[in-house]
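Q: got a structure for you, letters missing:
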């Protein structure tokens with residue numbers, strides 16, 4: 001058992017390489033962001049050229065968030081990485097290209113660490129690239145997201161329903177077992193907490209009958225002697 005435990009805690013060389021790649025990527029982007037902040041007119045942040053200083057500033061702020069996350073992350077735990085990834089998507093913390101780049105690296109790391117593809121939510125893009133006339137495309141994307149969410153909720157509901165039925169059958173089995181134990185205890189000739197009084201009463205009655213029989217025998221002998 002100790003060997004298995006030690007094996008589980010042994011670092012995965014491939015996973016360690018991916019973790020280093022993620023951290024190195026973050027470091028490069030942070031260095032680029034620092035250089036961008038030194039030059040206010042520079043619109044390049046994390047290898048991306050932005051159209052306005054406001055967008056570049058927003059991207060630089062996101063790189064600070066990425067740096068903070070990178071320091072707090074435990075990449076050796078795929079489930080922990082997945083939980084942080086989902087929270088970032090839920091709160092819309094990263095929505096610029098450098099942030100998307102970091103999320104993509106997280107996806108690749110989780111896949112290599114054994115997280116199933118269907119458990120990893122796609123990265124939502126909050127900008128429209130097609131002309132406004134392409135509303136059908138936008139509606140199709142929205143429909144796909146809704147269907148994916150419904151499928152996920154249906155899967156979770158089925159899993160909880162299965163657990164509920166399992167718990168109900170277990171409770172029923174335990175109830176039958178307890179009732180059987182009560183029945184066996186009540187019918188047992190040996191004294192126990194359930195039939196102790198009945199056993200004592202029966203024993204007392206037997207003793208009383210035995211004494212009466214002995215008294216009857218003694219009286220008959222006395223009459224014979226007379």
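A: Thanks, I have the structure now. The structure displayed is predicted, hence computed values, not measured ones. Numbering: from 1, shown residues only.
Q: Domains in the protein, by residue range?
A: Domain ranges of the chain: 2-124, 135-187, 191-225, per automatic domain parsing.
Q: In TSV: those domains, plus mean neighbour count.
A: In short, each C-beta sits where N, CA and C put it, glycine included. Listed next are the domains of the chain as TSV, based on neighbours: other Cβ atoms under 10 Å:
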stretch	mean neighbour count
domain 2-124	15
domain 135-187	11
domain 191-225	10
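Q: The chain: helices as residue ranges?
A: Along the chain, counting by DSSP state H, helices occupy 2-9, 13-38, 53-72, 78-91, 97-112, 135-187, 196-225.
Q: got a list of what residue 18 touches?
A: Contacts of residue 18 were listed using Cβ atoms under 8 Å, 6 or more residues apart in numbering, and they are 75, 108, 109, 112, 113.
Q: List the single closest residue to the last one in space, sequence neighbours excluded.
A: The spatially closest residue to residue 113, leaving aside those adjacent along the chain, is residue 78, at 3.9 Å (Cβ to Cβ, 6 or more residues apart in numbering).
Q: on that earlier part again, would you turn the domains of the chain into JSON lines with mean pLDDT?
A: Formatted as JSON lines, the domains of the chain follow (pLDDT from 0 to 100):
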{"stretch": "domain 2-124", "mean pLDDT": "80"}
{"stretch": "domain 135-187", "mean pLDDT": "75"}
{"stretch": "domain 191-225", "mean pLDDT": "67"}
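Q: Return the residues in contact with the most centrally placed residue in the chain.
A: The centre of the chain sits closest to residue 79, judged by Cα atoms, centre = their mean, with a distance of 8.6 Å. Residues near residue 79 by Cβ under 8 Å, 6+ apart: residue 115.
Q: And it, how close does it get to residue 116?
A: Distance from residue 79 to residue 116, counting by Cβ to Cβ, to the nearest Å: 12 Å.
Q: Please name the nearest non-neighbouring residue to residue 123.
A: Take residue 123 and drop its neighbours on the chain: the residue closest to it by Cβ to Cβ, 6+ apart is residue 103, 5.0 Å away.
Q: There's contact between that neighbour and residue 84 in this structure, I believe.
A: No - using Cβ atoms under 8 Å, residue 103 is not in contact with residue 84; the gap is 10.4 Å.
Q: what's the most distant pair in the contacts of residue 18?
A: Greatest spacing in the contacts of residue 18, by Cβ to Cβ: 75 and 108 (11.6 Å).
Q: What separation do you get for residue 124 and residue 157?
A: Relative to residue 157, and taking Cβ to Cβ, residue 124 is found at 24 Å.
Q: ok, now residue 48?
A: If you measure residue 48 against residue 157 using Cβ to Cβ, the figure is 41 Å.
Q: ok, back up a step: so for residue 44, which of the helices of the chain sits nearest?
A: The minimum distance between residue 44 and the helices of the chain falls on helix 13-38, with 6.1 Å, by Cβ to Cβ.
Q: closest to residue 215 among the contacts of residue 18?
A: residue 113 (88.7 Å).
Q: hang on, isn't that closest one packed against residue 80?
A: No - applying Cβ under 8 Å as the test, residue 113 and residue 80 come out as separate, 10.5 Å apart.
Q: Please name the residues that touch residue 23.
A: By Cβ under 8 Å, 6+ apart, the residues touching residue 23 are residue 70.
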